[in-house]
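# pasting a predicted model and its sequence here:
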Amino acid sequence: MTDRLCYNRRDFFTFILILSGAVSTVIIFSVCRYFGLRILFAPVLIMGMFLLLNYRVIGKNSYEPLKYLLLGSIIFLAFHFLYTISKSYLAIPQWDYIAFYLYSLAGQSGGNFYDPELFREIFGSHKLGPLTTPVFVEEVVDVGFPYPPFAMLLFFPLGWFDLQTGYFIWQSILIIFLIAGIYLFLNIFSPGKENGNEKIIFTLVIIHLIFLFPGITSSFRFAQTSPVILLFLLLLLKRLNHWDAGIYLAIMIMIKPLAVLFGVWFLMNRRWNVIAAAFVSGVVILVMTAMIFGFNVFTEYFSSPPTDRIPEFVYSEPINKSLSAVLLRLYPTHLTFMDQSGITMLIISISILLLGFTALVSRRIAERSARLSFLVFIPFGLLVYPASLAHYSLLLIPVILAIFREKYRDFDKPLFLILLIAIYLAAFYNMFYLNVLLLSYFSYLALRFKTQNHSVANQPAIPGIQI
């Protein structure tokens, strides 16, 4: 009877702790929303989370309440996330699903999907005009398929369904990819040597950081392919030291040409087996493209490149957070002393300098962590790629978790806590500043690792101990 009473009491207090974690998170959200402090959602919650982590110094028994408080908070965040995602099913967004659907119809037509006339014909026959704006016609219909031919393989199946059914399937697939991505996050970044409670707490913290990331839902609002490329990026990270990383790299390049910049790391480190696997995979993808759509699409892509028809404002619109977009937006007001060709040369020059800087930082960090040395190229790629849209920030979650994984034992140090808050503030405010901040922190790590290596190398040898 006494044992049963103790169990009931323990279950009751466990429920109260979980409920307290959920309610406290709801209160923080409500207060921030009431005072219009939406930009502070993530930093406030992170601060609260780390204060809870610091609570464990009270004693050994503090692990249990902390674990359940975090679990309660995550339950609320998960419901909030699912609610936000579910709302994306209510209306089909012209950016970007209707564009993807139009691409698929053009690919299935058997015609030249680089010809804007074909797009205008399909756009009219499927009565997509009332669902879009004049800007959509200018950016999509009058351009044709804007990507290399092999990218059509990704969108091609959408035309098998009507618009509404295809959108439901597309969004559901994106959610499945994100769930698989969260599983890989935990598989890659969770600790393996800590004791049971500490490992559970660390896993809950990782889930916290994922759900709190400001760009986690934007890809679903735009029906973007970011969750897909994120999954293959995580698979590449998991297999970074194996040849099959090249397969995932080739698939990423097919989804977004941005991934070519990530491949620089393999060239720099002479990972010829990975490069060979990527090359072979790329050839297979090209052959499949030619078999389905014909060889003429490749000549059409180069003879009449769609990039020549893309309006200039696309590369400088506010949602574009690349280096080139930032400089182009500054041009009319702050860079009036330069002409357009001068701006282009400035962008190229800064990009080359950033490449050299990133390669140097990556080499320094590789002495401690191959994974971190690769991840340096993600903020670099997002800065240099001229079409880095705000929702591409989803690709930065592995970078942030890798930094946290590397430094999590310093979580109670003010510098690391301030860094995490600054990262999430920058993520909410502007991805451009976030990429600059991450590159700056990587350079700090490179200098710190170099200093530590120098200090260790100059220590006097101790008999019986190898340093």
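Thanks, I have the structure now.

# only C-alpha atoms from now on, for both contacts and neighbour counts.
OK.

# all strands of the chain, in order?
Counting by DSSP state E, one finds no strands in the chain.

# stretch 152-169 - what's its average pLDDT?
Here stretch 152-169 scores 91 as its mean pLDDT.

# in that stretch, what's buried?
Buried residues in stretch 152-169, counted by 16 or more other CA atoms under 10 Å: 152-153, 155-159, 163, 166-167.

# in helices, which of those residues fall?
Of these, the ones assigned to helices by DSSP state H are 152-153, 155, 163, 166-167.

# and which of the residues you listed is nearest Pro257?
Met152 (13.0 Å; CA to CA).

# any idea how far that closest one lies from Ile92?
Distance of Met152 to Ile92, given as CA to CA, to the nearest Å: 21 Å.

# try Lys199
41 Å.

# neighbour-wise, which of those two wins?
Neighbour count, other CA atoms under 10 Å: between Lys199 and Ile92, Ile92 has more, with 18 against 15.

# I'd say that one and Ile98 touch.
Yes - at 7.4 Å, Ile92 counts as touching Ile98 under the criterion of CA atoms under 8 Å.

# quick check, central residue of this protein?
Centroid check for the chain by CA atoms, centre = their mean gives Leu395 as the closest residue, at 1.6 Å.

# OK, contacts around that one?
Residues near Leu395 by CA atoms under 8 Å, 6 or more residues apart in numbering: 226, 230, 233, 378.

# and which of these is nearest Leu438?
Ile378 (9.6 Å).

# give the contact list for that closest one.
262, 395-396, 399.

# got those as TSV, with pLDDT and distance to Phe123 columns?
Output for the contacts of Ile378, formatted as TSV (pLDDT from 0 to 100; distance: CA to CA, whole Å):
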residue	pLDDT	distance to Phe123
Phe262	93	35
Leu395	91	32
Leu396	91	35
Val399	92	40
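
# residues of stretch 13-25 that come out buried?
14, 16-25.

# please apply the same query to stretch 238-250.
Buried residues in stretch 238-250 (16+ other CA under 10 Å): 238, 240, 243-250.

# can you show me the CA trace of it as PDB?
Taking C-alpha atoms only, stretch 238-250 is exported to PDB below (Å, rounded to 0.1, in the frame of the first residue of the first chain):
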ATOM      1  CA  LYS A 238      26.700  11.300 -41.200                       C
ATOM      2  CA  ARG A 239      28.700   9.700 -43.900                       C
ATOM      3  CA  LEU A 240      31.300  12.500 -44.200                       C
ATOM      4  CA  ASN A 241      34.200  10.200 -44.100                       C
ATOM      5  CA  HIS A 242      32.800   7.600 -46.600                       C
ATOM      6  CA  TRP A 243      32.700   7.500 -50.400                       C
ATOM      7  CA  ASP A 244      28.900   7.500 -50.500                       C
ATOM      8  CA  ALA A 245      28.800  11.100 -49.300                       C
ATOM      9  CA  GLY A 246      29.300  11.900 -53.000                       C
ATOM     10  CA  ILE A 247      25.900  10.400 -53.800                       C
ATOM     11  CA  TYR A 248      24.200  12.700 -51.300                       C
ATOM     12  CA  LEU A 249      26.200  15.700 -52.600                       C
ATOM     13  CA  ALA A 250      25.100  15.000 -56.200                       C
END
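
# make residue 1 into 785 and carry on from there
Shifting the count to begin at 785 puts that one at stretch 1022-1034.

# any stretches of this structure with poor pLDDT?
785-793, 821-848, 976-981, 1116, 1118-1123, 1192-1199, 1236-1251 (pLDDT under 70).

# mind checking the longest helix of it?
Per DSSP H, the chain has its longest helix at helix 786-818.

# so what secondary structure elements neighbour it?
Packing partners of helix 786-818 (3 or more CA pairs under 8 Å, 6 or more residues apart in numbering; DSSP states H and E): helix 825-838, helix 847-871.

# which parts of the last one are buried?
Think helix 847-871. 847, 849-861, 869.

# stretch 1090-1105 now?
Within stretch 1090-1105, the residues that count as buried by 16+ other CA under 10 Å are 1090, 1093-1094, 1099-1100, 1103-1105.

# from start to finish, how long is that stretch in a straight line?
With CA to CA applied, stretch 1090-1105 spans 22 Å between its terminal residues.

# just how off-centre is it within its chain?
21 Å (CA atoms, centre = their mean, to the nearest Å).

# go on, stretch 1009-1025?
That offset, for stretch 1009-1025, works out to 10 Å (CA atoms, centre = their mean).

# can you check stretch 1000-1010 too?
10 Å.

# hey, C-alpha coordinates of that stretch in PDB?
Taking C-alpha atoms only, stretch 1000-1010 is exported to PDB below (Å, rounded to 0.1, in the frame of the first residue of the first chain):
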ATOM      1  CA  ILE A1000      11.800  26.100 -39.100                       C
ATOM      2  CA  THR A1001       8.300  26.700 -40.400                       C
ATOM      3  CA  SER A1002       8.900  29.200 -43.300                       C
ATOM      4  CA  SER A1003       9.800  26.400 -45.700                       C
ATOM      5  CA  PHE A1004       6.300  25.000 -45.300                       C
ATOM      6  CA  ARG A1005       4.700  28.400 -45.800                       C
ATOM      7  CA  PHE A1006       6.400  28.600 -49.100                       C
ATOM      8  CA  ALA A1007       6.200  24.800 -49.800                       C
ATOM      9  CA  GLN A1008       9.900  25.000 -50.400                       C
ATOM     10  CA  THR A1009      12.400  22.100 -50.900                       C
ATOM     11  CA  SER A1010      14.500  23.100 -47.900                       C
END
